[in-house]
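S.K.: return a 3D structure for these sequence lines:
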Amino acid sequence: MRNNYVQLSLENHLFFGRIMKEHSLFLMAGFPSKNSKYIKQAEWFMLQFEELLRDAVDMANGIIGECVIDSQEIVTDFTMGAEKRTSFLMGVDIDSRITEMEMLLKHGENNGCSREVMQPVRMLNRRALRLVSGLIEFKEKILREVLECRLFTFNYPLLIEHILREAKMYRSIISELENRGCVSNQNKYRTESFWNQIMMEHAMFIRGLLDPSEKELICTADDFAMDYCELLEEARKRDCQVFEDVTGESRKLTEKYQQFKTAGTKGVLECKIEGLILPLLADHVLREANHYLRLLDEECM
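M.R.: Numbers count the residues shown, from 1 in each chain. Next up, the predicted model:
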């Protein structure tokens, strides 16, 4: 377990801050023009997380771990192109200067312990907690009204539940850092089960957003969804003594899934895959697979 408060805080903001920013963008994209109030509120959260992410990048250079940079969980080779294409398609400004800054980030060795850095990071954490708590309330309101047939969105109810769980995970990590100064690695089972469910749902969403003519890709997405479903069931049946076997299976499956997502992101960007997948959504789910693979690497935990 790494116990560097500053380093872990900034690494989580770089990953989850961008994820929350993009969740807000995807919510915006899903509302019809009638729901201008919801569109404006989602845009406000996008801009707030964009600002938070920009501040985290400013603090992170020379502090974050090498494995985090190498994992491509912060940005991938596709992120810049995906942002520009999505901005064009949606008519929404996305600050790609942040991506340019992230691409230049350097790792460091124990550089995050000075008091000069500690206080700004603590303030950033508290700001993030307020912001993500507000986004959680917003997502819960959207989900509740969708389920009560009082609001329409092109986003699946399960997708809203999905991004709600991710926001709660972000909040729990930052809360633990604020309360304990570190992140516990004791409940590996919970973390792995969480990300296996996230990966399974990605496959379900990908399948649902592909054009019906993309039969081969739909079948592949179905297979991944089933494989992760089986892993989750297997983990529930096993005890802690043999959970390492499931971890090995999770890694093998996620490595294959990462390759599928990489090819898919490239295909979406090159307009070779037919469907309803925004380029930034394709890159988004790829970064989450990269993040999960990094978590599965014990050397980086």
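
S.K.: only C-alpha atoms from now on, for both contacts and neighbour counts.
M.R.: Will do.

S.K.: and the helices in the protein?
M.R.: Ranges of helices in the chain, per DSSP state H, are 5-12, 18-30, 36-60, 66-70, 79-90, 97-103, 115-147, 157-180, 188-209, 215-237, 243-269, 279-296.

S.K.: okay if I get these as JSON lines plus mean pLDDT?
M.R.: Shown next, in JSON lines, are the helices of the chain (pLDDT from 0 to 100):
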{"stretch": "helix 5-12", "mean pLDDT": "95"}
{"stretch": "helix 18-30", "mean pLDDT": "98"}
{"stretch": "helix 36-60", "mean pLDDT": "98"}
{"stretch": "helix 66-70", "mean pLDDT": "96"}
{"stretch": "helix 79-90", "mean pLDDT": "98"}
{"stretch": "helix 97-103", "mean pLDDT": "98"}
{"stretch": "helix 115-147", "mean pLDDT": "96"}
{"stretch": "helix 157-180", "mean pLDDT": "96"}
{"stretch": "helix 188-209", "mean pLDDT": "94"}
{"stretch": "helix 215-237", "mean pLDDT": "94"}
{"stretch": "helix 243-269", "mean pLDDT": "92"}
{"stretch": "helix 279-296", "mean pLDDT": "97"}
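
S.K.: now tabulate these in CSV and tack on mean neighbour count.
M.R.: Below are the helices of the chain laid out as CSV (neighbours: other Cα atoms under 10 Å):
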stretch, mean neighbour count
helix 5-12, 23
helix 18-30, 22
helix 36-60, 19
helix 66-70, 17
helix 79-90, 18
helix 97-103, 16
helix 115-147, 16
helix 157-180, 17
helix 188-209, 19
helix 215-237, 16
helix 243-269, 17
helix 279-296, 23
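
S.K.: ok, residue 246 to residue 189 distance?
M.R.: For residue 246, the distance to residue 189 equals 10 Å [Cα to Cα, to the nearest Å].

S.K.: with residue 62 instead?
M.R.: 31 Å.

S.K.: again with residue 248
M.R.: Distance of residue 248 to residue 189, computed by Cα to Cα: 13 Å.

S.K.: for residue 281, same thing?
M.R.: Residue 281 is 27 Å from residue 189, where distance means Cα to Cα.

S.K.: what's the answer for residue 291, then?
M.R.: Between residue 291 and residue 189 the distance, using Cα to Cα, works out to 16 Å.

S.K.: quick one: residues contacting residue 192.
M.R.: Listed by Cα atoms under 8 Å, 6 or more residues apart in numbering, the contact partners of residue 192 are residue 247.

S.K.: OK, contacts around the residue nearest to residue 267 when sequence neighbours are not counted?
M.R.: Excluding the flanking residues, the one nearest residue 267 by Cα to Cα, 6 or more residues apart in numbering is residue 273, at 5.5 Å. Counting by Cα under 8 Å, 6+ apart, residue 273 makes contact with 210, 214, 264, 267.
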